[in-house]
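1. Build me a model from this:
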Amino acid sequence: MSFAPVVPFNGYTGWAFLARTRAAQEAAFAGSAEMNRDESYFRERIGSVETAEELVADRRLLSVALGAFGLSGDIGNKYFIRKVFEDGTLRPDALANKLADKRYLELSRAFGFGDYAVPRTQLSDFADRILAEYKTNRFEEAVGAQSNELRLALTAERELAELAMRDLSGDAKWLTALGSAPLREVLQTAFGLPDSFAQIDLDRQVAVLKGRADRYLGGGDLAQFQDPGKVEDLVRLYLLRSQIQGFGAGYSPQSVALSVLKSAHHTGGLLSRLV
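-> Predicted coordinates for the structure are as follows:
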């Protein structure tokens, strides 16, 4: 049986517990029998895979490949995934470049079936890099089986820190964040934006995000998330607002805030801005 992460609480209380126990829980999860079997199989077989067709035909290899990019739900969409791989990323009309969710772009780029004469599966360190991402994303999925909000928080924490350090313009970073389904959901919820926000012009979306980030976090530049404290502020804001939304109708903002305060400490001035 695979190790299941322990998440006894939801919301920010659960996040605080996970933060305290995360290193030990991740190590136990990565060392589970199921993960060891997946790792051994991938290491033994991936070097012999030279085409997208071969990869998609092997469900166990494909499961690791998709899991490494948080796309495990696509395991049954073989034709679609093969097309993502074979089109590559270099042509503007490649399928991965047309999709709003840029995890597919990263998936296709990582394997290189459509970009290079010799795919990246032949590189000596390829298995190491994919398996490292696989372990991280599978742990997040396992947490998500108990709390989707905590899974999104983990993903946002990781992706924001990585994105903040990329050599991109300020607007390009925000656009990249919008292209990540988990990051978009965290940002929209944390900043109190409605579902209809996704329907407005992209330039306007970026402007709104900058304004909300400045209001809630003290700065509109996504590069601020190089500071782990800023990432924590956003995650806390997301989890508190998610918890407030979970109370539903019939509760006043003041009563909801009081309930949240009883279950989460050290919220600073963020909560006062939600009510």
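2. Please report the distance of the residue nearest to residue 134 when sequence neighbours are not counted from residue 127.
-> Residue nearest to residue 134 in three dimensions, not counting chain neighbours: residue 68, with 4.1 Å by Cβ to Cβ, 6 or more residues apart in numbering. Every C-beta, even on glycine, is put in place using the N, C-alpha and C of the backbone. Distance of residue 68 to residue 127, computed by Cβ to Cβ, to the nearest Å: 11 Å.
3. Got the phi and psi for residue 145?
-> When read as degrees, to the nearest 10, the backbone of residue 145 gives phi -60, psi -20.
4. what's near enough to touch it?
-> Going by Cβ atoms under 8 Å, 6 or more residues apart in numbering, residue 145 touches residue 4.
5. Worst mean pLDDT across the helices and strands of the chain, which element?
-> When each helix and strand of the chain is scored by mean pLDDT, DSSP states H and E, helix 253-263 comes last, with a mean of 48.
6. Next, the residues that contact the strand or helix carrying residue 204 from outside, please.
-> In this assignment (DSSP states H and E), residue 204 forms part of helix 202-217. Contact partners of helix 202-217, identified using Cβ under 8 Å, 6+ apart, comprise 171, 174-175, 177-178, 187, 190-193, 197-198, 200, 219-222, 224, 230, 233-234, 237, 270, 273.
7. What about those residues, which are in helices?
-> Among the contacts of helix 202-217, the members falling in helices (DSSP state H) are 171, 174, 175, 177, 178, 187, 190, 230, 233, 234, 237.
8. Test my guess that residue 110 contacts residue 127.
-> No - the criterion here is Cβ atoms under 8 Å, and residue 110 misses it with residue 127 at 11.8 Å.
9. re the thing from before, now the buried members of the contacts of helix 202-217.
-> Among these, those scoring as buried are 174-175, 177-178, 187, 190-193, 197, 220, 222, 224, 230, 233-234, 237, 270 (criterion: 16 or more other Cβ atoms under 10 Å).
10. Okay, domains of this structure per the record?
-> 32-136, 148-273 (automatic domain parsing).
11. among these, which is nearest residue 13?
-> Nearest to residue 13, of all the domains of the chain, is domain 148-273, at 4.8 Å by Cβ to Cβ.
12. roughly how far is the closest one from the heart of the chain?
-> Distance of domain 148-273 from its chain centroid, counting by Cα atoms, centre = their mean, to the nearest Å, is 13 Å.
13. Where does pLDDT dip in the stretch 1-150 of the chain?
-> Across the stretch 1-150 of the chain, the ranges flagged by pLDDT under 70 are 1.
14. Helix or strand next in line after whichever strand or helix holds residue 108, which one?
-> Here residue 108 is covered by helix 103-111, with elements defined by DSSP H and E. Using DSSP H and E, the helix or strand that follows helix 103-111 in sequence is helix 126-144.
15. List the contacts of that next one.
-> For helix 126-144, the external contacting residues (Cβ under 8 Å, 6+ apart) are 2, 4-5, 7, 18, 25-26, 29-30, 35, 38-39, 42-43, 46-47, 64-65, 67-70, 72, 110, 120, 150-152, 154-155, 158.
16. now swap in stretch 73-83 and tell me
-> If you take Cβ under 8 Å, 6+ apart as the criterion, stretch 73-83 is touched by 52, 53, 56, 59, 62, 63, 66, 95.
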